[in-house]
Structures are given as C-alpha cells and as structure tokens.
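Colleague: Give me a 3D structure for the following:
(4 chains)
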Number of protein chains: 2
Amino acid sequence: MSIQKLIDSLQKHINLNRQEQEMLTDFLVLKIIKKKQFFLHEAQIAKEVAFVVSGCLRSYSIDQNGFEHILQFAPTGWWITDMYSFISQQPTHLNIDALMDTEVYLLSRQNQLQLFDKIPKLERYFRIITENSLVGSRQRLIDNLSLTASQRYANFCTTYPTLIHDLPQKLVAAYIGVTPEFLSKLRSGVAKSKKS
Amino acid sequence: MSIQKLIDSLQKHINLNRQEQEMLTDFLVLKIIKKKQFFLHEAQIAKEVAFVVSGCLRSYSIDQNGFEHILQFAPTGWWITDMYSFISQQPTHLNIDALMDTEVYLLSRQNQLQLFDKIPKLERYFRIITENSLVGSRQRLIDNLSLTASQRYANFCTTYPTLIHDLPQKLVAAYIGVTPEFLSKLRSGVAKSKKS
DNA sequence: CCCATTTCTTAACCTGGGTTATTGTAAACA
DNA sequence: TGTTTACAATAACCCAGGTTAAGAAATGGG
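Modeller: Residues are numbered from 1 along each chain as shown, chains lettered A, B, ... in the order given. Sure, this is the predicted structure:
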C-alpha cells in the first residue's frame, strides 16, 4: 500500500505503533494530482501539506516580470506546501503544480495540530523535518550569494542526478536562477567555466 | 532579570509554569560575547544555540574569493546558530560574531533534546520558531531571485529600520548581496531605480 | 501520423552590478 | 592629540548573465 512510503519516512525519525499509524492514517487524504494541475495556486490558502508518494511536484513564485523561480522540487518521499500560508492561513504568493501525474497524502493544518496533541512523536517528526528544510534553504541562499551560474548548475547535477535527466532544461534554469538561453550557453561550454 | 526576555519569547507561543521555567533555566548558561568576538567559527562544531538578551550577533559565510555573505542578524529576542552544524554536530562552514557587546543564553543541543523529552511544550516552541525561520529563509531566497539590488535595499530599510541606522553600510551590502561600492552608488541615486 | 505548440540552440547586442583605484572622512586607540 | 585603521564616496572601465530574435528540434494531443 502507498501509505507504506509515508510510514517509512516517519520511522527514520520516530517509532509509531500500529495504533498510532492507524490514527495518523485517519487524518490523511489520498489524492491524485494530474500533470500540470495545481496543488496550490497564488492567492489561495495552503490548507494542507502534501507528502508525495509517487510523481513530482514543484513550488515556484512568479515575479513582477512574469518570470518563474522554482523554490523546491518534491519527488517521492518529500513534503511540500507553502509554509508561510500553511502556518498563517493567509493567501499564498506561490504556485505548486505537478510535473507529472502525482499521488499525494494531504494533511490539513488543523489535523496536523490535533495530531501534535494526540501523538507528540509526530510533532517531533515535523520538528526534525522542518529543521532539515531550514538547513537546505539556508544552503541554497548561500549558494546563490556565493557561486557563479555554472557552479550552481554543476551543484544541481550532482544533487539531483535523477531529476536532471527527465526534467526540461527550462525548469533547471528556473531553479538555478538563470534564463534558459544562458543555461544553454553554459551547457555548450561557451561560457568560461571559472574552474567550475 | 535578563532571563525574563527569554521567558517573554516563550510565552508568546506556549505556557510554562514556574517549575518548568526553573527547569529550563537550569539548562541554560548566560554568557557575554564582546564586540568582534566569535560565538562560532568556521570548522568548529555548533554545540549550542544562542538566545540574544541584548546586543547583536550576525552569521555569515566566506566564499572562495574571500567575500562575506551575511545570513542573519540576531538582535535582542532572536535565536541564532548554524542549524546544519547544530543538528548534525558536524563542523560548520559559517562564522557567528558580535557586532557589539552581546549578552546571550546558551542552550546545548544535548540539553535541548533532553528538555524536549522533559517538557514537550518546549519542543513545540522550537517547532514553531523553526517554521518561522523557514518562512523567512524562503522569502529571502525569493527576494534574491526576483528583485534588483535597489529593491532589496529598499526592503532592508523597511524590514530593519532600527539596524539600518547603527550598522556600517558594508554590512548592509554584505546582507543584500552587493559590493559596498555598488550600495554607495545606489544610495547616491546614480543607479536608475527601476520603479521601486 | 501530422500539425501545433513547446522547448532548445545560437548569435549579436545590452546592462546591472563588479573591479580597481583614489581620495576623503571618521572612529579607535595610544 | 596625533596617528592608525576602518569606512564611505566617486569614477572609469569590465564582465557575467540578460535580452531579443529567429530557426531547429522535440513533444504531444487529436
């Protein structure tokens, strides 16, 4: 069953007995998001956080010139939402959509907070997950401030060796923070590599 | 007493009784970090997280060209550490030092984890604090990807109206991600403002 | 299987912000 | 009180990466 993927993720950090697992399951909703459909759209409120069982989601913002900036890819085993909107229940400025048909478990903020009271170990799990996300987000900031585009591209290739193959280049460009044209230039080796 | 600043911060999110407050206090160490002294230095391990009672700390990384990039300012009421090193107990790549004489409470990771078991409400507090940090970090990433230097400077002025006055410009530059020379150009209005 | 749409590449040109250098100014400290 | 050290301003020049445009290649949906 697909719930096993989620249980596996939990067991990496905490131990739930059968009963607790079942209680958790009661608070989740399984949903299919088809390719190009939105899980969350600008100005909506992020009522839920999603755990990806299969497929892949991405979150991105659109700037005032219409350019997309990808914040996160969420392949199998990842959680995704707009944390700002999720915790404040204010309208989001982000979009989250599916890069391919994707199966997710949805957990509403309400249910999450209830679960934290009923099963404190789950609060621990999310505390740990959030700590890890913060580390990732900070590191990405550092990379954007410190590295050249070609270094960021090299990073991406080693960090997401899977994604790099079955992802259109324009999405890679929107993640590392360059135009598709410039990424193309980088890949063709025209741009001097600055000792990568 | 200076511990009151910390208690105030806690009470915004959780309720601790007298006994719990005292237990917490037993796990904290009060320390003074004098101006320009380090709380954390590259290659050390972040054994503790610091709560700033008075003064101001800053965390920054140094890139391969020797440029400093400031990740966070921590004035009164803020927590600061390198989360990566703190949770993994691996050597940090960051530096954290004092911009002025600063008084902090230190909480070691060991003590923190023990407190989480003894007072689950504290795990809740840090879960919330970490969620908020993640929101801030993500927003800063978006700003760096979407905004021009002059827009980021304007943002900084409205977000940290206090800091902007008593902070040398070179530190502001190292935060918004430009050279001090260019920030100077921005401030003198020479650079076209791109309707910001 | 074909046509429409999206994605990728290339190339000429442009610009936001960096680099280097100089000069002025203001704290810190002896 | 002078002097050393750090900070800020300005200016001339430079370059990583963006912009525009146009054709080639891949994709996909009917």
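Colleague: What parts of chain A come near chain B?
Modeller: Applying Cβ under 8 Å from any Cβ of the partner chain, one finds that chain A approaches chain B through A:61, A:63-64, A:67, A:69, A:71, A:83-84, A:87, A:116, A:120, A:123-124, A:126-127, A:130-135, A:137-142, A:144-147, A:177. For glycine as for every other residue, the C-beta is placed from the backbone atoms N, C-alpha and C.
Colleague: how much space between the residue nearest the centre of chain A and residue A:52?
Modeller: In chain A, the residue lying closest to the centroid (Cα atoms, centre = their mean) is residue A:74, at 3.7 Å. Noted for residue A:74: a distance of 5 Å to residue A:52, by Cβ to Cβ, to the nearest Å.
Colleague: Identify the contacts common to the two.
Modeller: Residues touching both residue A:74 and residue A:52 by Cβ atoms under 8 Å, 6 or more residues apart in numbering or on different chains: residue A:80.
Colleague: the inter-axis angle of the longest helix anywhere in chain A versus helix B:120-146?
Modeller: Identified as the longest helix of chain A according to DSSP state H is helix A:120-146. Using axes from the mean of the first three to the mean of the last three Cα atoms, to 10 degrees, the direction of helix A:120-146 lies 30 degrees away from that of helix B:120-146.
Colleague: does DNA strand D sit close to helix A:120-146?
Modeller: No. Helix A:120-146 stays clear of DNA strand D (Cβ under 7 Å from any atom of the strand), getting no nearer than 9.8 Å.
Colleague: what about that helix and DNA strand C, touching?
Modeller: No. Taking Cβ under 7 Å from any atom of the strand as the criterion, helix A:120-146 and DNA strand C are apart, separated by no less than 9.3 Å.
Colleague: How about stretch A:89-99?
Modeller: No. Judged by Cβ under 7 Å from any atom of the strand, stretch A:89-99 makes no contact with DNA strand C; its nearest approach is 9.9 Å.
Colleague: list the buried ones in that stretch?
Modeller: Within stretch A:89-99, the residues scored as buried using 16 or more other Cβ atoms under 10 Å in any protein chain shown are A:92, A:94, A:95, A:96, A:97, A:98, A:99.
Colleague: same question, stretch A:23-43
Modeller: Neighbour-count burial for stretch A:23-43 flags A:24, A:27, A:28, A:33, A:39, A:40 (criterion: 16+ other Cβ under 10 Å).
Colleague: Could I get the CA-only coordinates of it as PDB?
Modeller: Extracted in PDB, the C-alpha atoms of stretch A:23-43 (Å, rounded to 0.1, in the frame of the first residue of the first chain):
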ATOM      1  CA  MET A  23      -4.800   7.200  13.900                       C
ATOM      2  CA  LEU A  24      -2.500   9.100  11.600                       C
ATOM      3  CA  THR A  25      -4.000   7.400   8.500                       C
ATOM      4  CA  ASP A  26      -7.400   8.600   9.600                       C
ATOM      5  CA  PHE A  27      -6.200  12.200   9.300                       C
ATOM      6  CA  LEU A  28      -4.900  11.800   5.800                       C
ATOM      7  CA  VAL A  29      -6.500  12.000   2.400                       C
ATOM      8  CA  LEU A  30      -5.100  10.300  -0.600                       C
ATOM      9  CA  LYS A  31      -5.300  12.400  -3.800                       C
ATOM     10  CA  ILE A  32      -4.100  12.200  -7.400                       C
ATOM     11  CA  ILE A  33      -2.800  15.400  -9.000                       C
ATOM     12  CA  LYS A  34      -2.600  15.100 -12.700                       C
ATOM     13  CA  LYS A  35       0.200  16.600 -14.700                       C
ATOM     14  CA  LYS A  36       0.100  20.400 -15.000                       C
ATOM     15  CA  GLN A  37      -2.700  20.600 -12.400                       C
ATOM     16  CA  PHE A  38      -2.300  22.800  -9.400                       C
ATOM     17  CA  PHE A  39      -2.000  21.700  -5.800                       C
ATOM     18  CA  LEU A  40      -1.800  25.300  -4.700                       C
ATOM     19  CA  HIS A  41      -2.400  28.500  -6.700                       C
ATOM     20  CA  GLU A  42      -1.500  32.100  -6.000                       C
ATOM     21  CA  ALA A  43      -4.000  33.900  -3.600                       C
END
